[in-house]
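*Asks:* sequence plus predicted model, see below.
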Amino acid sequence: MLVAADVYRPAAIDQLTVLGEQVGVPVYSEGTTAKPAEITKNAVEEAKRNNIDAIVVDTAGRLQIDKTMMVELKEVKKAVNPTEILLVVDAMTGQEAAALVTTFNIEIGISGAILTKLDGDSRGGAALSVKEVSGKPIKFVGRGERMEDLELFYPDRMAQRVLGMGDVLSFVEKAQEVVRQEDTMELQKKIMSVKFDFNDFLKQTQNVAKMGSMSRIIGMIPGMNKVTPAQIREAEKRLAFVESMINAMTAEEREKPELLAESRERRIRVAEESDKTEQEVSQLVAQLFQMRAQMKKLMGMMQGQEAIAGMGDLMDSLNADEKAPPGTARRRRRRSEPPRQRELDAVGGASRP
Ligand SMILES: Nc1nc2c(ncn2[C@@H]2O[C@H](COP(=O)(O)OP(=O)(O)OP(=O)(O)O)[C@@H](O)[C@H]2O)c(=O)[nH]1
């Protein structure tokens, strides 16, 4: 149960109520007139009545120099004797975060900290000094504004991130959370039999989207910590771009990409239905076969450079476009558009398992 004990900012209670609804957890509130220690004590009773065994009390933000507010915290602590007392500090304050944790620990006696806005702090160096300076551990970190952006804190992973190695383990964990084990097995089987189709491609793309903002994922990849918001928006747009084309395919076409590789009519239909150009659809189909080939290679199954059945027509179409004479509509269209192949390559890279 969540307990609204920030009585100074009415919006804080509304905010907590919305959050409770979002995560399916009841919220206890007595409005803004009662004292936080009283609210908290009553909340514990209410929780017991309802067989709820954990409560989280949200108190107001405060400055450590505000004596009255610090006394209020001591009263809350005395009233309910909490298992954990966590101070929420903003990573953007840099080394100040460590000083704050120290002061609150001396004044109140806390069990740890939650370091938020690590997504805004380029490297999160402050995280390393909190434990060193205050003796208190960071228990959770916030890397964004959504629920799934609040994570358990692992010091060794943070150290790697600070050293620029990327948080590979967190990346793998996130991937495991969203990709069901059965899906992974199924995918492995498909790769083994070189049957990776557009349904798998779409699932991969959607899994990447589910993992939260692209920035977080890119930040977890070694050597790719600095990504601008514009680049993130661009990457998300590319995902939607690919999805719209796959959505325009029939179930049969998704399962048998060869159908699209063999038939220009089908590619034109998909292009029209998804409001893309024929060239863009051809590139997507070519990319799927490239991914199949790469996967095959990865699995150590490459058996020579055999041609992929049905690719002839597709390659002709891609080549014809390259060779279209100057001044034709095709060439004009190509010149005015961004280089899609590079974009599609990037999406493919992000959605590979
Ligand atoms: N980017 C980013 N934004 C965050 C993070 N954590 C919180 N925020 C945002 O920061 C703003 C303030 O967060 P609140 O949870 O309202 O802050 P608070 O600690 O309750 O504030 P007080 O208790 O009133 O001091 C909100 O817009 C949050 O969405 C984070 O880790 N990253």
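*Replies:* On my side now, so go ahead. These numbers were taken from a predicted model, which means no experiment stands behind them.

*Asks:* which element is residue 4 on?
*Replies:* Using DSSP states H and E, residue 4 sits within strand 2-5.

*Asks:* flag every buried residue along that strand.
*Replies:* Within strand 2-5, the residues that count as buried by 16 or more other CB atoms under 10 Å are 2-5. C-beta here means a position set from N, CA and C on the backbone, and glycine is covered the same way.

*Asks:* mind putting those in a markdown table, distance to the ligand included?
*Replies:* Formatted as a markdown table, the buried residues of strand 2-5 follow (distance: CB to the nearest ligand atom, whole Å):
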| residue | distance to the ligand |
| --- | --- |
| 2 | 12 |
| 3 | 13 |
| 4 | 11 |
| 5 | 10 |
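
*Asks:* the strand holding residue 4 pairs with which strands, parallel or anti?
*Replies:* Strand partners for strand 2-5, identified by DSSP bridges, are recorded as strand 27-28 (parallel), strand 56-59 (parallel).

*Asks:* which one of the ones you listed is the most hemmed in?
*Replies:* strand 27-28 (a mean of 20; mean count of other CB atoms under 10 Å).

*Asks:* does that strand come close to the ligand?
*Replies:* No - between strand 27-28 and the ligand, judged by CB under 6 Å from any ligand atom, nothing touches; the nearest distance is 13.9 Å.

*Asks:* give me the contacts around that strand.
*Replies:* In this structure, residues lying in contact with strand 27-28 by CB atoms under 8 Å, 6 or more residues apart in numbering are 1-4, 16-17, 19-20, 39, 42-43, 46-47, 55.

*Asks:* one more: stretch 32-52?
*Replies:* Under the criterion CB under 8 Å, 6+ apart, residues 1, 3-8, 10, 13, 26, 28-30, 53, 55, 57, 59-60, 72, 75-76, 78-80 lie in contact with stretch 32-52.

*Asks:* for stretch 94-109, same thing?
*Replies:* In contact with stretch 94-109 (CB under 8 Å, 6+ apart) are residues 64, 70, 73-74, 77, 85, 87, 89-91, 93, 110, 113, 115, 121, 125-126, 129-130, 132-136.

*Asks:* list the buried ones in it?
*Replies:* For stretch 94-109, burial by neighbour count (16+ other CB under 10 Å) applies to 97-105, 108.

*Asks:* now the stretch 51-200 of the chain against the ligand: closest residue?
*Replies:* Closest residue of the stretch 51-200 of the chain to the ligand, CB to the nearest ligand atom: residue 61 (2.0 Å).

*Asks:* from residue 242, how far off is residue 261?
*Replies:* Going from residue 261 to residue 242 by CB to CB, to the nearest Å gives 17 Å.

*Asks:* longest helix of this protein?
*Replies:* Identified as the longest helix of the chain according to DSSP state H is helix 278-298.

*Asks:* kindly reformat the strands paired with strand 2-5 as a markdown table containing mean pLDDT.
*Replies:* Below are the strands paired with strand 2-5 laid out as a markdown table (pLDDT from 0 to 100):
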| stretch | mean pLDDT |
| --- | --- |
| strand 27-28 | 97 |
| strand 56-59 | 96 |
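
*Asks:* got the ones you listed as TSV, with distance to residue 247 columns?
*Replies:* Below are these laid out as TSV (distance: least, CB to CB, whole Å):
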stretch	distance to residue 247
strand 27-28	38
strand 56-59	41
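
*Asks:* re the thing from before, quick one: contacts of whatever helix or strand comes next after the strand holding residue 4?
*Replies:* The helix or strand immediately downstream of strand 2-5 is helix 10-23, counting by DSSP H and E. Outside helix 10-23, the residues that touch it by CB under 8 Å, 6+ apart are 2, 4, 6, 26-27, 29, 31-32, 58, 60, 147.

*Asks:* now residue 269: closest residue in space, sequence neighbours ignored.
*Replies:* Nearest non-adjacent residue to residue 269, counting by CB to CB, 6 or more residues apart in numbering: residue 248, 7.8 Å away.

*Asks:* can you pull the contacts of the one you found?
*Replies:* Residues near residue 248 by CB under 8 Å, 6+ apart: 269-270, 273-274.

*Asks:* how about residue 273?
*Replies:* Contacts for residue 273 (CB under 8 Å, 6+ apart) come out as residue 248.

*Asks:* that one belongs to a strand, doesn't it?
*Replies:* No - Residue 273 is assigned helix when assessed by DSSP: H, G, I helix; E, B strand; the rest coil, not a strand.
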